[in-house]
Each structure stands twice: as C-alpha cells, then as structure tokens.
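Enquirer: Got a predicted model here, sequence first, then my questions.
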Amino acid sequence: MNEGLVKYCLDMPAVLSPAYREACLWQEQVPRERRSVEDVPDSVDVVVIGAGYCGLNAAATVAAAGASVVVLDKEPLGWGASSRNGGMVIPELKSSPAALVKKIGPLGAQLYAEVEQAFEHTEALTRQIDCDYERSGQLYLAHSKHHTAELQELSGQLQGVHFLSRSQVRERIGSDAFDSAVFFEKVGGLHPAKYHDGLAKRAENAGAQIRDRTAAVAVHRHGAGFRVDTTRGSVGAGQVIVATNAYMDAAVPELARRVLPINSYIIATQPLSQEQQAIIGKQMMVDTKNLLFYWRLTPDGRMAFGGRNRLDPVDIPTAREFLYDNMVRIHPQLRGIGVEYAWTGYVAMTLDRLPHVGTVDGAWYATGCNGTGVSLNGWLGHRLGQVVTGQAAPPAFAELPHKPIPLRTITSSYLPFVGRYFALQDRR
Ligand SMILES: Cc1cc2nc3c(=O)[nH]c(=O)nc-3n(C[C@H](O)[C@H](O)[C@H](O)COP(=O)(O)OP(=O)(O)OC[C@H]3O[C@@H](n4cnc5c(N)ncnc54)[C@H](O)[C@@H]3O)c2cc1C
C-alpha cells in the first residue's frame, strides 16, 4: 500500500459494532447484585479504605488473623481500576532489575524480590479463584530500531526472557509493526472483574465486612487509634489501611499530594474468528514507548487494546479513535472488526515511577501502581494486613522515600507539555 493510502485508511473512523457502548467489558461480564446499604459499625480493629485488589487482600489477611475489619468503598463494589484494567499479571517495575539497583542500590534488589513474591501470591490466588488465569507470557515489542539493542541486553540479563527478531515477531503475532521483541515467560493474563469478585468473596468468607457506596471523608487520630468519618457514620479503629491507589481524594490529603491520577483507555472488539485469534496468540503484549500500548486477546476471544496518546484526559470517543487506528496499524487483519466496548480508568503515577508504602499520621497506605498493580497492589495489601496485625515487618517498599509531586495542585496545566515531551521521545 502506498503511504497516502495507508494514511487515508488510518484516518478512517473506527468501525463500531451495533452493540457498541462506552462501558467496561469486564464489568458487564460480571454483573453484581446491588448490596444493601448499611451504616458502618461503631468500631472495629481495622478500617480499610478502598475495596480494590489492595483493600480486599488486606481485609482477607486481617480477618484470617482473627481481627475485625470493615472495607469501605465510595463507589459500588467492582467499580474501580481493579475491575477495569488489562488483566496482565506482570512481575515488573518501570526500571529493569539492573537499572533499579544502579539507581537506588541494594534496596532495588529487595524490591524486585518482593515483586516476585507478589507474582507468586497472585498466581496462588488464581488457583483458588475462577478468573480465567493463564500463564501465557508477554511480548515486549520494540516500536523502533532504537530499542532493539536494549531488548537484546535485557534478554541477556534475565532468565526466561527470549529475544525475537522482526521476522520472528511477524511469525508469532502476524504483525510487521515491530523491529524486535523479547518474550517474558513469567507473565499471565486474567479476567480482572472475575478476579476482583473472587477476592471480595474470599475477604467476606474470612469474616471481613464490606460497605460499598460509603466514602471515608476524614481520618482522625483518636486516643491510641483512629476515628474514620464516613458518609454513613463514624467508625473507630485500632488501625487504618488506605488502599485508594489512583482514586485517592481529600479523605487523606497528604496522600493526594504524592500521587497523580492519569487516564488509561481500552477498547475491546467483537469476538474474533478462531483463525484471527490463532494468528495473534494468547500472550500479553506491550510496546517500548513511554506512552505505551498494551493489548491482548480476552478469554472470550476479543482484542482488548489499551493505552493513551497524551497525559491530560480526553473523552472516550477521542481515545477510541486513536486506539482503533493503532490497533489496525499493528494488526491490519483486524480492520473491519467492530469495536464493542470503550472505557477508561485511572492509573497512579508517582514522581519516581515506583509504588510506595508508608504511613500518614499513623495510617498505613500502599499506592502508586504506575500502571502495573494487578499483582503488586494486591500483595502489598496482603502485606499491610500482616503489618497491622503484628504478623510481619513492613515490606521493603516502605523504605523508599515518597516525595510529593511538585506543583500538584496545578498539574492540569503542565500535563499536556509533559505528555508532548514523552511523545517526542517515542519518535526515536
Ligand atoms: C485501564 C487500566 C488498565 C490497567 N491495566 C493493567 C494491567 O494490565 N496490569 C496491571 O498490573 N495493572 C494494570 N492497571 C493497574 C491496576 O488496575 C491497578 O494498579 C490496581 O487495580 C490497583 O488496585 P487497588 O486496589 O490499589 O486500587 P483500585 O482498584 O483503584 O481501588 C481503589 C478504590 O478506592 C476507592 N476509594 C477512593 N477513595 C475512597 C474514599 N475516600 N472512601 C472509600 N473508598 C475510596 C475507589 O472507589 C476504588 O474502588 C490498569 C489500570 C487501568 C485503569
């Protein structure tokens, strides 16, 4: 195809399925009964704020230790990032193990050891929860020649990581859009909302109480413990765990200064034919850009394609068009397949692009997934459950200094410029 024709085709509006809706595929596939709304108990041993993977893991661990615990969520259960993500279970941080050790010293190796423990914890949970988990591996794809040397080096440093040339990539996923790739054996994919639903049931079975549509509005020190004011009364607690990740709000203002919520968008197509699925394969896929794309086949055979092209928010139709253009650029065989779902959610960015654990006025928190929290945020919740019940010392992530984001209150004015800078770097 000549360049003009390629450009014309890429500028075509996305094909939409007759059933197209701006909704999250996973959430629609796991309908939940609306829970009755009750006031919060007068007092418990532990209050957990946020009922995603982190909060539910924390609650299950606290309850299993015999302590009383209530988990609050300001939205209906299953609304947050934990039910709207890409479902990729990845033992990674933004820097490679070697780069992290170079940057922060031996603590970097400890953090990676915990990332591995998180992956094992998550896989163990997927054996108890019916969530379509499969250890399918992941392709990390070089979007330009510039990144090939880096990928070659990575495959030399790590076990279970294999380098693939351009022609091997083409053979593997039927795409000529990448200069090379590495294949990580130790990555899996799950159905995010099924997994979340299973974690909620597991926490309740262990004895935790869940109160959704109940926002924490303030956390105060009270005697040796806390009082948490909510939209449904006030609850006393010996300990508090804040598990709000990118959805933090004024309930804990100090935390809100340290995390930046950034939208990530996903489209999901109609189910593909068996032949189309076989060409693309079951592995998870991510490219090497700053403003990266991530994509995979869903358990029911659709293409789910996610990413963003800027850091400041756009509306869903705008994101959908951009994602569709890039999906068919990478997999031209999908041209003409209708988009059936498009949605968004927040990921939590931090200044050093690392997750953080710490305390604010004595309340523990875990936050800052930086886009990869399916495995790690759940495990950090479990670890905080151990910490507040005196079963274990805090994880090594608590040793990282957690700095506030500069000029946090005016981020909306400088985000477009940072986004443009990232996009410029991605042209390399
Ligand atoms: C589109 C998208 C794609 C992603 N893809 C991947 C992926 O493929 N792999 C991966 O590893 N990670 C991915 N992530 C990141 C991952 O989803 C998150 O890291 C993870 O779900 C965070 O879990 P959590 O429990 O910490 O937070 P959440 O699931 O976001 O839960 C936080 C909860 O806190 C609640 N809350 C906030 N404030 C209050 C308050 N004051 N009172 C009560 N409740 C409150 C919110 O309502 C929310 O439900 C993706 C994220 C998005 C948005």
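Expert: Thanks, I have it.
Enquirer: Could you pull out the helices in the protein for me?
Expert: Here the chain has its helices, by DSSP state H, at 3-10, 25-29, 53-64, 97-104, 106-128, 148-157, 166-173, 192-206, 253-256, 274-280, 316-330, 376-388, 411-425.
Enquirer: helices or strands up against the third one?
Expert: The helices and strands touching helix 53-64, judged by 3 or more C-beta pairs under 8 Å, 6 or more residues apart in numbering; DSSP states H and E, are strand 43-49, strand 69-72, helix 192-206, helix 376-388. Bear in mind the C-beta positions are built from the backbone N, C-alpha and C, glycine included.
Enquirer: Which positions within it qualify as buried?
Expert: For helix 53-64, a neighbour-count test (16 or more other C-beta atoms under 10 Å) marks Tyr53, Cys54, Gly55, Leu56, Asn57, Ala58, Ala59, Ala60, Thr61, Val62, Ala63, Ala64 as buried.
Enquirer: near the ligand, which residues of the stretch 251-400 of the chain?
Expert: 251, 264, 266, 294, 306, 345-347, 369, 371-375, 377 (C-beta under 6 Å from any ligand atom).
Enquirer: Could you point out which of those residues is nearest to Gly236?
Expert: Closest to Gly236 out of those is Ala251 (16.2 Å), distances taken as C-beta to C-beta.
Enquirer: what's the neighbour count on the residue lying closest to the closest one once chain neighbours are set aside?
Expert: For Ala251, ignoring the flanking residues on the chain, the nearest one in space by C-beta to C-beta, 6 or more residues apart in numbering is Ala216 at 4.5 Å. Ala216 sits with 24 neighbouring residues when counted by other C-beta atoms under 10 Å.
Enquirer: Ok, the one 10 residues further on next?
Expert: By other C-beta under 10 Å, the residues close to Phe226 number 21.
Enquirer: Tell me what it is bridged to.
Expert: With DSSP bridges as the criterion, Phe226 is bridged to Arg221, Ala237.
Enquirer: Quick one, grab the pLDDT at the residue nearest to Ala251.
Expert: For Ala216, the pLDDT comes out at 98.
Enquirer: Who does it form a beta bridge with?
Expert: Thr230.
Enquirer: how near is it to the ligand?
Expert: Distance, Ala216 to the ligand, using C-beta to the nearest ligand atom, to the nearest Å: 4 Å.
Enquirer: In this structure that residue contacts Val71, no?
Expert: No. Taking contacts as C-beta atoms under 8 Å, Ala216 lies outside contact range of Val71: 10.6 Å.
Enquirer: Which positions in the stretch 51-200 of the chain make contact with the ligand?
Expert: 51-55, 72-75, 79-82, 84-88, 90.
Enquirer: Give the PyMOL command for selecting the buried subset of these.
Expert: Selection of buried members from these for PyMOL, criterion 16+ other C-beta under 10 Å:
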select buried, resi 51+52+53+54+55+72+73+74+79+80+81+82+84+85+86+87+88+90
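Enquirer: so which of the helices and strands packed on helix 53-64 comes closest to Val360?
Expert: strand 43-49 (11.4 Å).
Enquirer: Report the buried residues of that closest one.
Expert: For strand 43-49, burial by neighbour count (16+ other C-beta under 10 Å) applies to Ser43, Val44, Asp45, Val46, Val47, Val48, Ile49.
Enquirer: Show the pLDDT at the third one.
Expert: Per-residue pLDDT puts Asp45 at 98.
Enquirer: Please report the distance of it from Phe119.
Expert: Per C-beta to C-beta, to the nearest Å, Asp45 is found 29 Å from Phe119.
Enquirer: Does Met303 touch His331 like I think?
Expert: Yes. With contact defined as C-beta under 8 Å, Met303 reaches His331; the gap is 7.3 Å.
Enquirer: Smallest gap between the stretch 1-150 of the chain and the ligand, at which residue?
Expert: Gly52 (2.2 Å; C-beta to the nearest ligand atom).
Enquirer: got the contact list for that residue?
Expert: Gly80, Ala81, Ser82, His196, Ala243, Asn245, Asn377 (C-beta atoms under 8 Å, 6 or more residues apart in numbering).
Enquirer: Can you add pLDDT and give those residues back as a markdown table?
Expert: What follows is the contacts of Gly52, written out as a markdown table (pLDDT from 0 to 100):
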| residue | pLDDT |
| --- | --- |
| Gly80 | 95 |
| Ala81 | 98 |
| Ser82 | 98 |
| His196 | 98 |
| Ala243 | 98 |
| Asn245 | 97 |
| Asn377 | 98 |
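Enquirer: In TSV: these, plus distance to His162.
Expert: What follows is the contacts of Gly52, written out as TSV (distance: C-beta to C-beta, whole Å):
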residue	distance to His162
Gly80	35
Ala81	31
Ser82	31
His196	32
Ala243	36
Asn245	32
Asn377	28
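Enquirer: Kindly indicate which of those residues lies nearest Asp212.
Expert: Asp212 has its nearest neighbour among these in Gly80, at 10.3 Å by C-beta to C-beta.
Enquirer: List the contacts of the closest one.
Expert: Gly50, Ala51, Gly52, Asp73, Asn245, Tyr247, Gly345.
Enquirer: re earlier: mind checking which of the contacts of Gly52 land in strands?
Expert: In strands, judged by DSSP state E, none of these are found.
Enquirer: of these, closest to Cys131?
Expert: Distance to Cys131 across the contacts of Gly52 (C-beta to C-beta) is lowest for His196, with 8.5 Å.
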